[in-house]
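A.B. asks: predicted coordinates and the sequence they were generated for:
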Amino acid sequence: MNGFGIDHLSFEVVMYVGAYGLLGIGALGMVMSNNLFRMVLALVIAEAGVNLLLVLAGWRNEAVAPILGVHEAGTPMVDPIPQVLVLTAIVIGVGVQALAVATLLKVYRIYCTLDVRELRRHLEQDICRDAGIAPDGSWEAPTIERPLPPPIPVQASTADRSGAAS
Amino acid sequence: MIDLLSVTQGQTVLPVVLPLLAAFLLQPLGRVAKPLALLLGPATLAVSAYLLIQLWISFGDTPYMLAIGGYAPPLGIVFYVDQLALLFATAVPILVLLFWSRGEDDPDPIRRDAVMLLLAAAGTGLALSGDLFNIYVFYELTAVASFGLVTLRATGAAYIATVRYLLLSAFGSVLALVGIAIIYLETGTLNLAQIAQLAPTALAGPNGLAAFALLLIGFGVKAELFPVNTWVPEVYATAPTRISALLASLVSKLAVLVVVRLLVLAFDGTGAAQLMLLLGALAFVTAELAAWRARDLRRMLAYSSIGQLGLVFIGFSLSGTAGLLAGLALALHHLVIKAALFGLATRWGGSLERLVGAARSAPIASGLMVLFALSLIGVPPLPGFWAKLLVVMGLAEQSTTLSLSALALILIGTAVEANYLFRLVIKLYARGEADAPAPPRPKLLDLGIASAAGVLLLVATVGVGRVSGWLGGIASQAADREVYIRTVFPPKSAAVAAGSPVHEAS
């Protein structure tokens, strides 16, 4: 091994740290960012991390690419299965990311924002309007049933009258 | 005779292949002959369902294995067929057919049909596959198909819900892939049977537990598991209700099935089971509390679905055949009931206040709703009671601190569940104001599905002994790791006796 052992060991450590580091950066980005597009980018980083991890799973010290008939017999080769898995994972990842961005565009065209907090508020409002209930926490729709004076018909009728008067 | 049998077994791949083929044929066919294309989807699913039912009838006592393309395991990919796999595989085309969207206002029915077929193909594959990475691919395909279906209504809210669901699901897939990478690092294989062979030594350590935790969280996104289920109420409230029914009843169970297979085959240590128990109990109690607060039917059903799946996870976390039996009973119970309830919610979705007095305009649907509510709570003669009893007794038997606290949480959660379901039932039978508009009547088709589910429930109530015996058989077969390994890697003498080597079977 001509003293390469230590170098390879540190190489492997660096690669593993890189793989888990990318995963960690991606995970943090998913959790901490409030912009949907940044979340997609964080997802891309995390996927790069896991792909690196998969490639490392098949990596061998001083091995060659697993192609028969090119190298002389008996040369150690890297494990081809994880490489195939990574190919599949990349393809799936690209598909899902494209779908994410496409849906994101639809969202942006409708609401003109990608801020998660604002979109959640819109979502809650839309769902409540769809269901025909007032949004959570508003005073005319408390979360539990309790007797209330009937404010809505009175207000509605005054509004009607004022509307008719004007 | 043997020839005939092998032909039939070979047909097990068709319910995966045919819908996949039809899905990609639909677009060109739709250009040429649209009415024909609209018929192709249901026809394909009917053929799949027929094939699977035939297989189910001719299925003996021994599970069998199919080497895809004739490449023998562990290098080739295998389908593993036992009663459990066949049960869920059969449920896929039948349920997709029952909840086939017949949206009249849909702008592009061909595309919708294609996505539905993809969901059916991937779901069947998920139930049958015996290869970890193959399972991952089918899982991703199921996920992408469900994203497409959730956006069918094309409202802004549906798009927001889908993006959030998609990001969470994709991140879950990344975690699952890390789990798969760890398993590959430890065992050097992706074949479930070979993983099962190597697991006692290779996956017993903390690395194995970490891999299981990652896979549990990853596949748990679809299975509505505790920390990764925030998408559930949003998606079920914005997606077409028939799609919600499919996701809640079917797709979630398929993800659970994958986790259970992994638990039985590779992670039978206590750590993995305890993790599942903990997450399941947390899911159950938090979801029931959230459902109690819900004021519209769709979200109430969504939260209740999370809660029931938490209970399913608790059931499967119990050790041995008893645990599998409990989980399986709960899973099937929930599959039937939640499908029917979401079916009824197509017309009844929206505020609970709208349902006041619905019993007068729709007496049968209201009666069915009461039946389902009682069974969900677990009122004695109904199947839900027996399923819950199995879980409670299993937890009491373990009598560790964790299992007893889970037991307490289940009882508290059930009380909450009873409260909100009774509130719903009281609304149905309340006397509404005289001039209030009558609540809408459910569609005949949904009512038919719900009635069938009700009849199934009552039959199971009457023949509870036979049903539990049948489920016990399925559970004991699925719980046996040796059978799985022996089926995929038959001992040498048996392989010679069977005649043809695997690679000639194609």
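C.D. replies: Okay, I see it. Numbering: from 1, shown residues only, chains lettered A, B, ... in the order given.
A.B. asks: how about stretch B:285-299, which residues are buried there?
C.D. replies: Residues of stretch B:285-299 classed as buried by neighbour count (16 or more other CB atoms under 10 Å in any protein chain shown): B:285-292, B:294-299. (C-beta placed from N, C-alpha, C; glycine too.)
A.B. asks: if you could redo that for stretch B:84-92, that was the one I meant.
C.D. replies: Using 16+ other CB under 10 Å as the test for burial, stretch B:84-92 gives B:84, B:85, B:86, B:87, B:88, B:89, B:90, B:91, B:92.
A.B. asks: who's in contact with the second one?
C.D. replies: This means residue B:85. With contacts defined as CB atoms under 8 Å, 6 or more residues apart in numbering or on different chains, residue B:85 is in contact with B:127, B:128, B:257.
A.B. asks: which one of these is nearest to chain A?
C.D. replies: Among those, residue B:128 lies closest to chain A (CB to the nearest CB), at 18.9 Å.
A.B. asks: wait, doesn't the closest one sit right on residue B:12?
C.D. replies: Yes: judged on CB atoms under 8 Å, residue B:128 makes contact with residue B:12 at a distance of 6.8 Å.
A.B. asks: intersection of neighbour lists for those two?
C.D. replies: Both residue B:128 and residue B:12 are in contact with B:79, B:81, where contact means CB under 8 Å, 6+ apart.
A.B. asks: looking at those two, which is more packed in?
C.D. replies: Higher neighbour count among residue B:128 and residue B:12: residue B:128, with 26 against 22, using other CB atoms under 10 Å in any protein chain shown.
A.B. asks: save the buried residues of stretch B:285-299 as CSV, and put in pLDDT too.
C.D. replies: Formatted as CSV, those follow (pLDDT from 0 to 100):
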residue, pLDDT
B:285, 90
B:286, 90
B:287, 90
B:288, 90
B:289, 89
B:290, 88
B:291, 88
B:292, 87
B:294, 83
B:295, 82
B:296, 85
B:297, 86
B:298, 87
B:299, 87
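A.B. asks: mean confidence (pLDDT) on the lengthiest helix in chain A, please.
C.D. replies: The single longest helix within chain A, with elements called by DSSP state H, is helix A:80-111. Taken as a whole, helix A:80-111 has a mean pLDDT of 91.
A.B. asks: after that helix, which helix or strand is next? Please name it.
C.D. replies: For helix A:80-111, the succeeding helix or strand toward the C-terminus, using DSSP states H and E, is helix A:116-131.
A.B. asks: is chain B contacted by that following helix?
C.D. replies: Yes: Helix A:116-131 is in contact with chain B by CB under 8 Å from any CB of the partner chain, via A:116, A:119, A:120, A:122, A:123, A:126, A:127, A:128, A:130, A:131.
A.B. asks: any idea how far the most centrally placed residue in chain A is from chain B?
C.D. replies: By CA atoms, centre = their mean, chain A has its centre lying nearest to residue A:43, at 4.7 Å. Look at residue A:43 and chain B: by CB to the nearest CB, to the nearest Å, they are 5 Å apart.
A.B. asks: looking at it, that residue is touching residue A:26, isn't it?
C.D. replies: Yes: if you go by CB under 8 Å, residue A:43 and residue A:26 touch, sitting 6.5 Å apart.
A.B. asks: between those two, which contacts overlap?
C.D. replies: Common neighbours of residue A:43 and residue A:26, using CB under 8 Å, 6+ apart, are B:171, B:174.
A.B. asks: picking up where we left off before, just give the closest residue to the residue nearest to the centre of chain A, not the sequence neighbours.
C.D. replies: Nearest non-adjacent residue to residue A:43, counting by CB to CB, 6 or more residues apart in numbering or on different chains: residue B:170, 5.5 Å away.
A.B. asks: what of residue B:372?
C.D. replies: For residue B:372, ignoring the flanking residues on the chain, the nearest one in space by CB to CB, 6+ apart is residue B:337 at 5.0 Å.
A.B. asks: ok, then the element right after the helix or strand containing that neighbour?
C.D. replies: Element membership of residue B:337 [criterion: DSSP H and E] is helix B:320-348. Heading C-terminal from helix B:320-348, the first helix or strand you meet, by DSSP H and E, is helix B:358-361.
A.B. asks: is that next one anywhere near chain A?
C.D. replies: No: using CB under 8 Å from any CB, helix B:358-361 never reaches chain A; the gap is at least 14.6 Å.
A.B. asks: that helix - contacts with which helices or strands?
C.D. replies: In terms of contacts (3 or more CB pairs under 8 Å, 6 or more residues apart in numbering or on different chains; DSSP states H and E), helix B:358-361 is packed against helix B:363-377, helix B:401-429.
A.B. asks: quick check: mean pLDDT across the last one?
C.D. replies: Meaning helix B:401-429. Here helix B:401-429 scores 88 as its mean pLDDT.
A.B. asks: mind listing what's buried in the following helix or strand past that helix?
C.D. replies: Sequence order places helix B:444-462 as the next helix or strand after helix B:401-429, per DSSP H and E. For helix B:444-462, burial by neighbour count (16+ other CB under 10 Å) applies to B:446, B:447, B:449, B:450, B:453, B:454, B:456, B:457, B:460, B:461.
A.B. asks: got the CA coordinates for helix B:444-462 in CSV?
C.D. replies: Written as CSV, here are the backbone C-alpha positions of helix B:444-462 (Å, rounded to 0.1, in the frame of the first residue of the first chain):
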residue,chain,number,x,y,z
LEU,B,444,-75.9,6.6,-4.5
LEU,B,445,-72.4,5.2,-5.3
ASP,B,446,-70.9,6.5,-2.0
LEU,B,447,-73.9,5.2,-0.2
GLY,B,448,-73.4,1.8,-1.9
ILE,B,449,-69.7,1.7,-0.8
ALA,B,450,-70.7,2.6,2.7
SER,B,451,-73.5,0.0,2.8
ALA,B,452,-71.1,-2.6,1.6
ALA,B,453,-68.6,-1.6,4.4
GLY,B,454,-71.4,-1.7,6.9
VAL,B,455,-72.5,-5.2,5.8
LEU,B,456,-68.8,-6.3,6.0
LEU,B,457,-68.6,-5.0,9.5
LEU,B,458,-71.8,-6.7,10.6
VAL,B,459,-70.7,-10.0,9.0
ALA,B,460,-67.4,-9.7,10.8
THR,B,461,-69.3,-9.1,14.1
VAL,B,462,-71.4,-12.2,13.7
